[in-house]
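# Structure for this input, please:
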Amino acid sequence: MSVISPRIDKLLEHVDSNYASVLVAAKRARQINSYYHNLGEGTFDEFPPPMVDTRSKNYLTIALEETAAGKIKYHYK
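Prediction:
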């Protein structure tokens, strides 16, 4: 059995709720996806690269690691 990383308690230190962690991570994963897809075109200025060192190739995992590291700031509209 594998352990999910990062743990939910680490995520909740930086977001208001489980729901917020899902929204924040999903949006950031889409940005990371766009960043990598636009690298060859030279139009990646609008999407920042991953902000954590990671071995993962999964964009959602990278986004969750960024959230757990406190790299993501968000606000509700």
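# Surely Thr61 touches Arg55?
No. Contact status for Thr61 versus Arg55: not in contact, 9.5 Å apart, counting by Cβ atoms under 8 Å. No exception for glycine: its C-beta is placed from N, CA and C like everyone else's.
# Please say which of those two ends up with more neighbours.
In this view Thr61 and Arg55 are compared by other Cβ atoms under 10 Å, and Thr61 has more residues nearby, 17 against 5.
# So for the more buried one, what's the pLDDT?
Per-residue pLDDT puts Thr61 at 94.
# For it, which three-state class applies?
Look at Thr61: counting by DSSP: H, G, I helix; E, B strand; the rest coil, its state is helix.
# For the most centrally placed residue in the chain, which residues are in contact?
Central residue check for the chain by Cα atoms, centre = their mean: the C-alpha nearest the mean position is that of Ala63, 1.4 Å away. With contacts taken as Cβ atoms under 8 Å, 6 or more residues apart in numbering, Ala63 has the following neighbours: 24-26, 28-29, 32, 72.
# ok, which pair from those is furthest apart?
Using Cβ to Cβ, the pair of these lying farthest apart is Val24 and Ile32, separated by 12.5 Å.
# ok, and what's touching the lowest-mean-pLDDT helix or strand in the chain?
The least trusted helix or strand in the chain, going by mean pLDDT, DSSP states H and E, turns out to be helix 8-11, with a mean of 89. If you take Cβ under 8 Å, 6+ apart as the criterion, helix 8-11 is touched by 18, 21, 64, 67-68.
# hmm, 7 Å instead?
Applying Cβ atoms under 7 Å, 6 or more residues apart in numbering, the external contacts of helix 8-11 come out as 21, 64, 67-68.
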